[in-house]
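S.K.: need a 3D model of the sequence below.
(one chain, ligands or ions: 2)
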Amino acid sequence: MDYAHSMTDITIPYEELVDLLDSIFCHAGVRAESSSILAKNCASCERDGALSHGVFRIPGYLGSLSSGWVDGQAEPVIEVDGPAFVRVDAANGFAQPALEKARSVVEAKARRNGVAVLAIRNSHHFSALWPDVEGFAQNGLIALSMVNSMACTVPFDGTKAIVGTNPIAFATPVEGDLPLVADMATSAMANGDVQIASQKGLSIPPNHGVDRNGEPTTDADAVLDGGALLTFGGYKGSSISLMIELLCAALTGGKFSFEVDWSAHPGAQTPHTGQLIIVIDPDFGRVNSFSSRAALLLQELERAGVSRLPGQRRHKQREVSLRDGIQMKSDQLKKLRDYASVSMLKAASA
Ligand code: NDP
Ligand code: PYC
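M.R.: Ligands and ions are numbered 1, 2, ... in the order given. Next up, the predicted model:
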């Protein structure tokens, strides 16, 4: 779904955007290491045209930080370090620094055991999942991740929003090619895309959402104002969403989406839940070359007429952005620079 690719009139190099976002996060009270991780993550989304989780999210990050809902200074702690299971307490901070804390530990365990599980709890995930899994596949590993969010999606046959937009992502090495990475919400569309549609005065597709009375609607505002999204694929998507709630909340020790209550923190937008990552080493106990088998499958798909694989649009956009700069709207960039200049003034007077 591409609601945000219009009215771009300015470009910014990727590294410059990373630096700009880094100074915004630092100014908002995020400790340096986490700030750099979040800045790269958010700028990468903008670079790859994953706009539902790009710079449009900055006010949401800032609202969560300034309201005290998320702790920018949080230091993640590895609290369970088993043979193949690691659990990290993100300490009410963002999920990405918690993942980075454990990434090499989990990778080593996956190579030693064939598989390793990383459970993150007490964490805020406000971004796309592909940046979390892509690096594992670049290192020859298979990775699967999921995260639950906030109650904004009605389970199939239900009458109330209980589950989140609950994305799931999968990354795998492919011989002679970039990793294959698929990453999708299990709601009919991401909440971020509904917000972008609302900001642009666009409607959303039919059969994606309901209004506050449970009536089908294509009005993005009606979905955001007491309405809800539906799961994708009826009861099938709903079942996957339930699995994600169980694995990301019940298993990790995080909150279910319906338990997220930010009412005492006006402006907060980042879901405080949990995340699960499963990493598999395809070379452990190998009977054949996994990545060449993966390449064979993709060749067959091409022969069958499949012209676009998951992740390919992002990679193409990444190439363009790295070559020509990231396209943005000038007013959007000005807003970011305004946030950052406050940061520099503060730094100068410190
Ligand atoms: P999309 O529907 O845009 O895309 C889902 C996947 O399908 C992507 O891998 C995409 O590849 C691929 N794809 C899209 N169109 C085609 C096609 N025609 N043929 C083949 N593959 C295709 O994603 P969503 O809107 O569902 O989710 C967007 C993002 O929102 C995700 O990154 C997700 O992680 C994030 N999200 C985060 C949440 C959170 O709580 N943190 C909650 C919900 C969503 P490509 O990327 O190359 O287009
Ligand atoms: O786009 O659905 C979404 C989302 C929820 C939390 C972060 N992104």
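
S.K.: does the residue in the stretch 1-150 of the chain that ligand 2 sits nearest to sit in a helix, a strand or a coil?
M.R.: With C-beta to the nearest ligand atom, the shortest gap between the stretch 1-150 of the chain and ligand 2 falls at Ser149, namely 4.1 Å. Bear in mind the C-beta positions are built from the backbone N, C-alpha and C, glycine included. Look at Ser149: counting by DSSP: H, G, I helix; E, B strand; the rest coil, its state is coil.

S.K.: the one 10 residues further on too?
M.R.: Classification of Thr159 into helix, strand or coil gives coil, according to three-state DSSP.

S.K.: which residue is the nearest non-sequential neighbour of it?
M.R.: Excluding the flanking residues, the one nearest Thr159 by C-beta to C-beta, 6 or more residues apart in numbering is Gly214, at 5.9 Å.

S.K.: dihedrals phi and psi, that neighbour?
M.R.: Backbone torsions of Gly214, given as degrees, to the nearest 10, read phi 80, psi 10.

S.K.: helices along the chain, start to end?
M.R.: For the chain, helices defined by DSSP state H occupy the ranges 14-27, 32-47, 58-66, 95-113, 130-138, 191-200, 220-224, 234-245, 290-303, 312-324, 330-349.

S.K.: rebuild these as CSV, extending it with distance to Ser257, mean neighbour count and mean pLDDT.
M.R.: Formatted as CSV, the helices of the chain follow (distance: least, C-beta to C-beta, whole Å; neighbours: other C-beta atoms under 10 Å; pLDDT from 0 to 100):
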stretch, distance to Ser257, mean neighbour count, mean pLDDT
helix 14-27, 25, 20, 97
helix 32-47, 21, 22, 98
helix 58-66, 16, 19, 97
helix 95-113, 14, 20, 98
helix 130-138, 18, 22, 98
helix 191-200, 11, 21, 98
helix 220-224, 16, 21, 98
helix 234-245, 6, 18, 98
helix 290-303, 33, 14, 98
helix 312-324, 26, 15, 98
helix 330-349, 29, 14, 76
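
S.K.: report the contact partners of the closest residue to ligand 2 within the stretch 201-350 of the chain.
M.R.: Relative to ligand 2, the nearest point of the stretch 201-350 of the chain is Pro271 (5.2 Å; C-beta to the nearest ligand atom). Pro271 makes contact with 124-126, 148-150, 164, 257, 260 under the criterion C-beta atoms under 8 Å, 6 or more residues apart in numbering.

S.K.: among those, who's most crowded?
M.R.: Neighbour counts for those (other C-beta atoms under 10 Å) peak at Asn148, which has 32 neighbours.

S.K.: surely that one meets Met243?
M.R.: No - applying C-beta atoms under 8 Å, one finds Asn148 not in contact with Met243, separated by 10.2 Å.

S.K.: interface residues of the stretch 151-300 of the chain facing ligand 2?
M.R.: By the rule C-beta under 6 Å from any ligand atom, the part of the stretch 151-300 of the chain lying against ligand 2 is 165, 185, 190-192, 271.

S.K.: including distance to Ser239, could the residues you listed go into TSV?
M.R.: Formatted as TSV, these follow (distance: C-beta to C-beta, whole Å):
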residue	distance to Ser239
Thr165	15
Ala185	15
Ala190	19
Asn191	20
Gly192	23
Pro271	21
